[in-house]
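S.K.: Show me how the following folds:
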Amino acid sequence: MGYPPQRLEIGGLLKCLVPFGSQDKVSIVSHHEIGVIGVVGLGNMRMGMARTLSRDGFSVVGFDISTARLAEADRVGVAIVAELSQLFDAACTIVLSLPTAFHVKAVLVGENGLARRALTPRLIIDTTTSQPDVTRALAARLRALGHRLIDGPVSGGKARAESGRLTVMVGGENDDVARAMTVLSSLGAEIHHVGPVGAGHSVKIVSNILLASHLPTMSEAARLGNAAGVSTDKLIAALNAGSGRSAVSEINYPQKVMKEAFDGGFTMGLMRKDVHLAMELAKSKNLVLPVLAKAGEIWAQSSDTLADDSDVHRMTEYRSDQNRSKTRRKRVSANADAN
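M.R.: Predicted coordinates:
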């Protein structure tokens, strides 16, 4: 099945010396061949991912620039390192979970990035919701150094991250995805290899713009039903038995919105970033998508009343008519001040 990584105990960490032979052709890779897994980024969902990998028997080390997150990782039993360079040395497989493509580039090819270090080939799985063109460029640059990069953004929320039941949308070469499959299968219940490098990020952008569109649409649908004299719970039950149902009506609305459980960890700011990615992707493909463009406009306008750190489900509370009134009041006040 190929050559397992040779690892050496140094400073309490396992050092990956020879992770993957490029000549190997495998369908499934064992825990031993995966070696130590380094998780870069330990936010809400990603902490759950690190714990899931550890629970499934992988040797895991984590790194985050936040000392609070490092302390939390240590508290829940995830081994941590103080420097990113230590993680690069220790890990044969590196899982990235970062806010934006800018952060991914910094970690992989920045001043202190992976590409700057003289290391044997690493396998990188980027679970960030990122830009497909940036991902493809990074994969090409890293491949020239012997490393392999696949994109595997995830969907499912904090609870599914903790239980290893995420959906993973994967882009990458067949052999590279095969090498990563043991890790991906630990993280997710649904693994979809959707195409070459960058395809996973494209699908995740499409998925998130649908979610961004469905949240305010479902909110307005509920208001319409209520105004017609139907209670929200009965409306939801009927909708979910018919053709108008969606993940928002089946899961997000009854489990989050109706219970006012605004604690999922996915914020308005993160969704605004993803909506912007969708708008930019459409622009780069010379597509005119008026419905999605309207969704993008609504999300941009909502920043006047819903802060970036608010839970994404707060979008169901947004009222564009109230926002317009607030904007008009601001203009009147500004004109009065000017006079």
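S.K.: quick one: low-confidence parts of the stretch 51-200 of the chain?
M.R.: Applying pLDDT under 70 to the stretch 51-200 of the chain flags no residue at all.
S.K.: Pretty sure T129 sits against S202.
M.R.: No - with contact defined as Cβ atoms under 8 Å, T129 does not count as touching S202 (10.7 Å). Heads up, the C-betas are built off the backbone N, CA and C, glycines and all.
S.K.: Show me which of the two is the more surrounded one.
M.R.: Neighbours were counted for T129 and for S202 using other Cβ atoms under 10 Å; T129 has more, 26 against 22.
S.K.: how near is that one to A115?
M.R.: According to Cβ to Cβ, to the nearest Å, T129 and A115 sit 22 Å apart.
S.K.: same thing with W299?
M.R.: Applying Cβ to Cβ to W299 and A115 gives a distance of 34 Å.
S.K.: okay, the two: which has more neighbours?
M.R.: Higher neighbour count among W299 and A115: W299, with 25 against 15, using other Cβ under 10 Å.
S.K.: Skipping its backbone neighbours, what lies nearest that one in space?
M.R.: V275 (4.7 Å; Cβ to Cβ, 6 or more residues apart in numbering).
S.K.: Could you pull up the contacting residues of that neighbour?
M.R.: Residues near V275 by Cβ atoms under 8 Å, 6 or more residues apart in numbering: 208-209, 212, 295-296, 299-300.
S.K.: Farthest pair within the residues you listed?
M.R.: N208 and A300 (15.0 Å; Cβ to Cβ).
S.K.: Now the helix or strand containing R136: buried residues?
M.R.: Element membership for R136 (DSSP states H and E) is helix 132-143. Neighbour-count burial for helix 132-143, counted by 16 or more other Cβ atoms under 10 Å, picks out 132, 134-139, 142-143.
S.K.: Would you mind identifying the next helix or strand past the helix or strand encompassing L215?
M.R.: Using DSSP H and E, L215 sits in helix 199-227. Sequence order places helix 232-239 as the next helix or strand after helix 199-227, per DSSP H and E.
S.K.: ok, which stretches of the stretch 51-200 of the chain are strands?
M.R.: Here the stretch 51-200 of the chain has its strands, by DSSP state E, counting those that start in this stretch, at 60-63, 79-80, 93-96, 123-126, 148-151, 154-155, 166-171, 188-195.
S.K.: right, and those strands - which one's nearest A71?
M.R.: Of the strands of the stretch 51-200 of the chain, nearest to A71 by Cβ to Cβ is strand 79-80, at 8.5 Å.
S.K.: Most neighbours among the contacts of V275, which one?
M.R.: That'd be W299 among the contacts of V275, by other Cβ under 10 Å, with 25 neighbours.
S.K.: Looks like that residue contacts S213 (just checking).
M.R.: No - between W299 and S213 there is no contact under Cβ under 8 Å: 9.2 Å.
S.K.: before we move on, back to that, pretty sure the residue nearest to W299 is in a helix, no?
M.R.: Yes - using DSSP: H, G, I helix; E, B strand; the rest coil, the secondary structure at V275 is a helix.
S.K.: In contact with the nearest residue to A106 once chain neighbours are set aside, which residues?
M.R.: Computed as Cβ to Cβ, 6+ apart, the closest residue to A106 that is not its neighbour in sequence is G113, at 6.5 Å. By Cβ under 8 Å, 6+ apart, G113 lies in contact with 105-107.
S.K.: Quick one, which of these are buried?
M.R.: Neighbour-count burial (16+ other Cβ under 10 Å) applied to the contacts of G113 gives 105, 107.
S.K.: quick one on the thing from earlier: quick one: list the elements packing against the helix holding L215.
M.R.: Applying 3 or more Cβ pairs under 8 Å, 6 or more residues apart in numbering; DSSP states H and E, we find helix 199-227 packed against helix 132-143, strand 148-151, strand 166-171, strand 188-195, helix 232-239, helix 268-284, helix 290-301.
S.K.: Give me whichever of these is most buried.
M.R.: strand 148-151 (a mean of 28; mean count of other Cβ atoms under 10 Å).
S.K.: Could you check how far that one is from the centre of its chain?
M.R.: Relative to its parent chain, strand 148-151 has a centroid offset of 15 Å by Cα atoms, centre = their mean, to the nearest Å.
S.K.: and what of stretch 91-101?
M.R.: 11 Å.
S.K.: now stretch 203-210
M.R.: When distances are taken as Cα atoms, centre = their mean, stretch 203-210 is centred 11 Å away from the chain's centroid.
S.K.: How about stretch 297-317?
M.R.: That offset, for stretch 297-317, works out to 19 Å (Cα atoms, centre = their mean).
S.K.: Ok, stretch 268-287 next?
M.R.: 15 Å.
S.K.: wait, which of the strands of the stretch 51-200 of the chain is closest to K234?
M.R.: Going by Cβ to Cβ, the one of the strands of the stretch 51-200 of the chain nearest K234 is strand 154-155, 28.7 Å.
S.K.: Cool, thanks, signing off.
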